[in-house]
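In: Got a predicted structure plus its sequence, pasted below:
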Amino acid sequence: MDFRLVLITCKDQAEARAIGKALVEERLAACVNIVQGIESIYWWKGKIEEGSEALLLVKTRAGLVHDLMERVKKMHSYECPCIVVAPIVGGGEEYCAWVNKETT
């Protein structure tokens with residue numbers, strides 16, 4: 001199988017939890033980790049912004065990435081949410097089988 005790690009920043013833990021729970025409930029992701037308290041520095045509308053965010057680490061199948069991204073965009077509060085997708089090039093055989101089993 002072909003798996004992906006999707007990184008998504010959220011405005012706070014509540015938004016991260018809501019998005020993460022929806023992705024798992026809808027079987028778009030096998031697992032979502034929430035990392036609280038990240039500090040972000042970024043350009044937005046011509047100026048540098050700084051703030052605290054929560055980070056989602058989402059494990060899924062490659063074939064679900066498009067639907068996952070569309071679901072996140074519908075739920076996310078940001079005008080331009082950060083959704084970054086990276087290939088998973090290796091992993092434990094049992095874990096990968098579990099990710100495959102838990103996603104549709």
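Out: Looks like it came in fine.

In: by contact count, what packs against the longest helix along the chain?
Out: For the chain, the helix with the greatest residue count under DSSP state H is helix 13-25. If contacts are counted by 3 or more CB pairs under 8 Å, 6 or more residues apart in numbering; DSSP states H and E, helix 13-25 sits against strand 3-10, strand 31-44, strand 47-61, helix 65-75. (Each C-beta comes from the backbone N, C-alpha and C, glycine too.)

In: List the buried residues of stretch 2-17.
Out: The neighbour-count check on stretch 2-17 (16 or more other CB atoms under 10 Å) flags 3-4, 6, 8-10, 13, 15-16 as buried.

In: Residues contacting it, please?
Out: 19, 29, 34, 36, 38, 40, 52-63, 65, 68-69, 72, 75-78, 81-88, 91, 96, 99-100 (CB atoms under 8 Å, 6 or more residues apart in numbering).

In: Can you give me the end-to-end span of it?
Out: Using CA to CA, to the nearest Å, the end-to-end distance of stretch 2-17 comes to 26 Å.

In: rewinding a little: tell me the two of the buried residues of stretch 2-17 that are most distant?
Out: 3 and 13 (25.7 Å; CB to CB).

In: Export the helices and strands packed on helix 13-25 as CSV, with columns for distance to residue 104 and mean pLDDT.
Out: Shown next, in CSV, are the helices and strands packed on helix 13-25 (distance: least, CB to CB, whole Å; pLDDT from 0 to 100):
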stretch, distance to residue 104, mean pLDDT
strand 3-10, 14, 98
strand 31-44, 14, 97
strand 47-61, 9, 98
helix 65-75, 10, 98
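
In: and among those, the most buried is which?
Out: Mean neighbour count (mean count of other CB atoms under 10 Å) peaks for strand 3-10 among the helices and strands packed on helix 13-25, with a mean of 20.

In: Within its sheet, name the partner strands of that one and how each one runs.
Out: Using DSSP bridges, the strands paired with strand 3-10 are strand 47-61 (antiparallel), strand 83-88 (antiparallel).
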